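A.B. asks: no sequence for this one, just the structure:
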């Protein structure tokens, strides 16, 4: 991205209300990681102000490149702060950005847009399955597939219509895949408002001197969130089948240590000798556990882009995934990934066993080169910058 010398830097007011609380040891992935990487790329071309929840991610991960970090406890506090800034110091920005379509970010963005009279962009990683259904069907899906309690299942389905109306009013919506664009169009969002901007993958950790190439201690690894919609229990049910055929099969589960749901499952099905639970890991620790694994098991029902799949493939670890549209679109053209029908635990187990029994030579340099040239953070930021220039 090259900025014209006669053009002043554009100012972005971003809302980063994330429930993720980061400790100094752990790295961050998912939407939070995408936002942080975008900021890193944009800092030389823009001025960025960020509203975030207290004790959230930004201050720990990155402060350079952010003009102001406003820590607030609620949407109301954020809007009151914006009103105060406008009245006291004639605060202005060129565009408003919500890093995802969670309620706090969306409502803050639309209210700030009204107060400051500026366009706003909402980023949508993916549309949840319960958001594409009627209220009662959505409630059932939130309970069963997402594991929400009654209160949260009701809450997310009551709030969703308000979020959807706000999405329709946004000046632009960014998405990381065509699959998400199609889902948004199916709920009434006009295609001309949607801009597909794929995310990037990183390469620094590949060449880290402390990243080793150890022996394969684990037949499989699960690195997703410990949530039913991310496939944790599909993984465990499939592993029961795998163990019947391969009694010494070992599965590593990251972020699973101390989760009572997993302890209950492992005790009930006598899988403790076949499953190793890890706690929260730094990126370096995570990479070394990944490299000790033969397969990444990825039976997720909902994904926005999946850095997890990209990370595994960058390190030469084969992936078995459900054939959900996003993963098929983003990674389907690359080697090292096998798809099985969404929700088919038996086929998942069968494919795990099949992959463990075969040895296919790979050219890791070629795989890394193809992935990194296709998914570049520089290109992501360049496309986003062009969008905000058009809106401005």
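C.D. replies: Right, received. Where do you want to start? Computed from a predicted model, the values in this text were never measured in an experiment. Numbers count the residues shown, from 1 in each chain.
A.B. asks: mind checking the SS state of residue 97?
C.D. replies: At residue 97, secondary structure determined by DSSP: H, G, I helix; E, B strand; the rest coil is strand.
A.B. asks: my guess is it meets residue 13, correct?
C.D. replies: Yes. With contact defined as C-beta atoms under 8 Å, residue 97 reaches residue 13; the gap is 7.1 Å. Where you see a C-beta, it was placed from the backbone N, CA and C, and this is true even at glycine.
A.B. asks: distance between stretch 360-373 and the chain's centre?
C.D. replies: 23 Å (C-alpha atoms, centre = their mean, to the nearest Å).
A.B. asks: now do stretch 97-110: everything it contacts.
C.D. replies: 12-18, 31, 34-35, 51, 74-75, 78-79, 96, 120-125, 159, 162-163, 166-167, 169-170 (C-beta atoms under 8 Å, 6 or more residues apart in numbering).
A.B. asks: just the buried ones from the residues you listed?
C.D. replies: Buried members of the contacts of stretch 97-110, scored by 16 or more other C-beta atoms under 10 Å, are 12-18, 31, 34-35, 51, 75, 78-79, 96, 120-125, 163, 166-167, 170.
A.B. asks: flag every buried residue along stretch 133-144.
C.D. replies: For stretch 133-144, by 16+ other C-beta under 10 Å, it's 133, 138-139, 141-143.
A.B. asks: quick check, nearest of those to residue 269?
C.D. replies: residue 143 (22.9 Å; C-beta to C-beta).
A.B. asks: other SSEs contacting the helix or strand hosting that closest one?
C.D. replies: Using DSSP states H and E, residue 143 falls within helix 135-144. Applying 3 or more C-beta pairs under 8 Å, 6 or more residues apart in numbering; DSSP states H and E, we find helix 135-144 packed against helix 150-169.
A.B. asks: touching, residue 196 and residue 182? I think so.
C.D. replies: No. Look at residue 196 against residue 182 with C-beta under 8 Å: they stay out of range, at 10.2 Å.
A.B. asks: restricted to strands, list the buried ones among the contacts of stretch 97-110.
C.D. replies: 12-16, 51, 96, 120-123 (DSSP state E).
A.B. asks: let's have these in JSON lines, adding pLDDT and distance to residue 262.
C.D. replies: Below are these laid out as JSON lines (pLDDT from 0 to 100; distance: C-beta to C-beta, whole Å):
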{"residue": "12", "pLDDT": "94", "distance to residue 262": "40"}
{"residue": "13", "pLDDT": "93", "distance to residue 262": "41"}
{"residue": "14", "pLDDT": "92", "distance to residue 262": "35"}
{"residue": "15", "pLDDT": "92", "distance to residue 262": "34"}
{"residue": "16", "pLDDT": "87", "distance to residue 262": "30"}
{"residue": "51", "pLDDT": "88", "distance to residue 262": "35"}
{"residue": "96", "pLDDT": "96", "distance to residue 262": "40"}
{"residue": "120", "pLDDT": "97", "distance to residue 262": "40"}
{"residue": "121", "pLDDT": "97", "distance to residue 262": "38"}
{"residue": "122", "pLDDT": "97", "distance to residue 262": "34"}
{"residue": "123", "pLDDT": "97", "distance to residue 262": "31"}
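A.B. asks: of those, which is the nearest to residue 264?
C.D. replies: Using C-beta to C-beta, those come closest to residue 264 at residue 16, 35.0 Å.
A.B. asks: so the closest residue in space to the closest one that isn't next to it in sequence bridges to which residues?
C.D. replies: Closest residue to residue 16 apart from its sequence neighbours, by C-beta to C-beta, 6 or more residues apart in numbering: residue 52 at 4.4 Å. Beta-bridge partners recorded for residue 52 (DSSP bridges): residue 16, residue 71.
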